[in-house]
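[1] return atomic coordinates for the entry below.
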Amino acid sequence: MNTNTLSGYTTEHEYLLIGAIPNQTNTITVTLTNKQGKVVDTLSWSYNAPSLQGGDQYLTVECDDSNTSSLSNGLYTVLGNDVTEDSEEQAYMRLYDNYGIIRSEIPIVSYRSHRILFENNTMYFSISNKKIVGMEQTGYVSKIYDTGNYKLHHDYIFDSNNNILVLASEKEAKTSEDKIIMIEKDSGNITELVDLIDLLPDYYSTTSLPDGAEDLDWMHINSLALVDKTSLIISSRETSTIIKLDNIYSNPTIDYMIGSDNFWQESGYDSLLLNKTNDFSMQAGQHCVTYVDDNSLPQGQYYLYLYNNNLAVSTTRPDYDWKSDSNYSNTYYNLKKGTSYYYKYLVDENNRTVELVSSIPVAYSGYVSSVQELDGNVIIDRGIAMSWSEYSQDGTLLRTFKTTGGKFVYRVFKYDYLDYWFQ
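    Okay, the predicted model is just below:
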């Protein structure tokens, strides 16, 4: 049997099977086929699956009775709903099928996993605020990366060489969530690539430490997206601004920003803002900004989609009056009732413009949350509402899932796990 190794074939096999129903007797059937797809042999046995380590309340999630035929393929991977960054309590990733039944529970040390990265039969994910691991198909952890003098938060991605770019806070620093580091995938060596204080010193000088805060979270970067090979799109919740960084490996600079000209005018960075080509309320407190390269668009144009939390708050700029900012309408200023949105922008770097081309209203979540375009659908997690839904691209609701436990659901991404667990 082919083992996806250099030697090619072996008669001894070890695999990890996921999907068993916890605390039930499961019948498992393995079918052996040849290259022509003909069945050579089958083997069946019973397996008494253990209970969930994290609690039986996660066996299923509530979901409506809508038809599942229009849903995308894959497992909804629930990332973070139990513990905070500095907690030492064990946490889990939980994988659910289209019927809301748990198919895998992956324990991690603490905090949360923020996304899964796949490469060469290995998946990479964070297991605490200090470590990222690489786990092979059998569950064997073959790589462990330590973040050294930094704590990771919110996001990490591969760069074009599959080194890991990580949003980070420097330990013992006066500020937090304002740096980007690179972990070399082969050596594990750490390089600090970006310190936002160096790029926005005049704005930094206008911020202040909120009462009771231990450090100054003046930008609160919460997502990363790679553009070409040396540029990044980052999302700043604290300033309700999307920022494009160029030359990240040598001499980082800000190419453009998407945000309020009124907000940025005081510190002199408003000249970096893209111009709106249509009338829309600017994103506020956004999360999960994702870059989409579309070959049908002219060079210099691309899409960005995001979860627009629609919460205009800046605790490190208490003097700023968001309610008087003309860039916002139907925006909210506290965590009570409101409406959030999936937003999709068309960015034109040639003309320095941004256009809102799609929007889906969803249940309000002032903090956290995620969006993902997949197989022509849109998966939207409303973190504070502890629920996620799958929509068609035109905004038609296909199915909603609701879970329990913890304070929020940080992200929900759907992965098909092809060439990892499935073929």
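
[2] sheet-wise, list the partners of the one helix or strand H153 maps to with their directions.
    If you go by DSSP states H and E, H153 is part of strand 150-158. Note on strand 150-158: by DSSP bridges, its sheet partners are strand 164-170 (antiparallel).

[3] from the chain's centre, how far out does the partner strand sit?
    The chain centroid and the centroid of strand 164-170 are separated by 14 Å, computed with Cα atoms, centre = their mean, to the nearest Å.

[4] tell me which residues are up against that strand.
    Here strand 164-170 makes contact (Cβ atoms under 8 Å, 6 or more residues apart in numbering) with 117, 124, 132, 145, 147, 149-159, 175-183, 185, 192-193, 215, 221-224, 226, 232, 234. For glycine as for every other residue, the C-beta is placed from the backbone atoms N, C-alpha and C.

[5] again, only using 7 Å
    132, 145, 147, 149-159, 176-177, 179-183, 185, 221, 224 (Cβ atoms under 7 Å, 6 or more residues apart in numbering).

[6] what element comes up after it heading to the C-terminus?
    Assigned by DSSP H and E, the successor of strand 164-170 is strand 179-183.

[7] pull the contacting residues for the closest residue to Y410 other than its chain neighbours.
    Counting by Cβ to Cβ, 6 or more residues apart in numbering, Y410 lies nearest to G80, which is 3.4 Å off, once chain neighbours are set aside. G80 makes contact with 112-113, 410-411, according to Cβ under 7 Å, 6+ apart.

[8] now do the helices in the stretch 101-250 of the chain.
    Assigned helices in the stretch 101-250 of the chain, in chain order: 196-199, 201-204 (criterion: DSSP state H, counting those that start in this stretch).

[9] now do the stretch 251-400 of the chain
    Taking DSSP H, counting those that start in this stretch as the criterion, the stretch 251-400 of the chain carries its helices at 261-265.

[10] low-confidence ranges in it?
    Across the stretch 251-400 of the chain, no stretch falls below the confidence threshold (pLDDT under 70).

[11] what number of residues lie near M282?
    27 (other Cβ atoms under 10 Å).

[12] same deal with D159?
    Counted with other Cβ under 10 Å, D159 comes out at 18.

[13] and which of the contacts of G80 is nearest to E238?
    For those, the minimum distance to E238 (Cβ to Cβ) is 17.5 Å, reached by Y410.

[14] next up, the contacts around the closest one.
    Per Cβ under 7 Å, 6+ apart, neighbours of Y410: 79-81, 112, 368, 383.

[15] can you give me the distance of the closest residue to S387 other than its chain neighbours to S392?
    Counting by Cβ to Cβ, 6+ apart, the nearest residue to S387 once its immediate chain neighbours are dropped is K402, at 4.2 Å. Distance of K402 to S392, given as Cβ to Cβ, to the nearest Å: 20 Å.

[16] now Y341
    16 Å.

[17] now swap in E349 and tell me
    Taking Cβ to Cβ, one finds E349 at 30 Å from S392.

[18] again, but for Y269
    In terms of Cβ to Cβ, Y269 sits 38 Å off from S392.

[19] what about the two, which has more around it?
    The residue with more neighbours, out of Y269 and S392, is Y269; 21 against 14, by other Cβ under 10 Å.

[20] contacts only, for that one.
    So Y269 contacts 200, 203, 257 (Cβ under 7 Å, 6+ apart).

[21] thinking again about what came up before, just flag the most distant two among the contacts of Y410.
    Across those (Cβ to Cβ), the longest gap, 11.5 Å, separates R112 and G383.

[22] for stretch 229-238, what is the distance to the chain centroid?
    13 Å.

[23] what comes into contact with it?
    160, 217-227, 242-249, 255, 285-287, 289, 291, 304, 306, 314, 316.

[24] average pLDDT for it?
    Averaged across stretch 229-238, pLDDT comes to 98.

[25] ends of that stretch, how far apart?
    27 Å (Cα to Cα, to the nearest Å).

[26] please renumber so the chain begins at 12
    Taking 12 as the first residue, the last one we looked at is stretch 240-249.

[27] how about it: buried residues?
    Residues 242-249 are the ones in stretch 240-249 that count as buried (16 or more other Cβ atoms under 10 Å).

[28] ok, stretch 396-413 next?
    So stretch 396-413, judged by 16+ other Cβ under 10 Å, has buried residues 396-402, 409-413.

[29] columns distance to T218 on top of those residues, output as CSV?
    Formatted as CSV, the buried residues of stretch 396-413 follow (distance: Cβ to Cβ, whole Å):
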residue, distance to T218
A396, 30
M397, 32
S398, 34
W399, 33
S400, 36
E401, 38
Y402, 37
L409, 42
R410, 42
T411, 38
F412, 38
K413, 37
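
[30] between the residues you listed, which sits nearest E147?
    W399 (28.3 Å).

[31] so who does the closest one touch?
    Here W399 is in contact with 87, 390-393, 412, 420, 423 (Cβ under 7 Å, 6+ apart).

[32] surely the residue nearest to S398 touches V72?
    Yes - between K413 and V72 there is a contact at 6.2 Å, judged by Cβ atoms under 7 Å.

[33] circling back to that earlier point, adding distance to E366 and pLDDT, write the contacts of G91 out as CSV.
    Below are the contacts of G91 laid out as CSV (distance: Cβ to Cβ, whole Å; pLDDT from 0 to 100):
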residue, distance to E366, pLDDT
R123, 34, 93
S124, 34, 96
Y421, 29, 95
R422, 26, 97
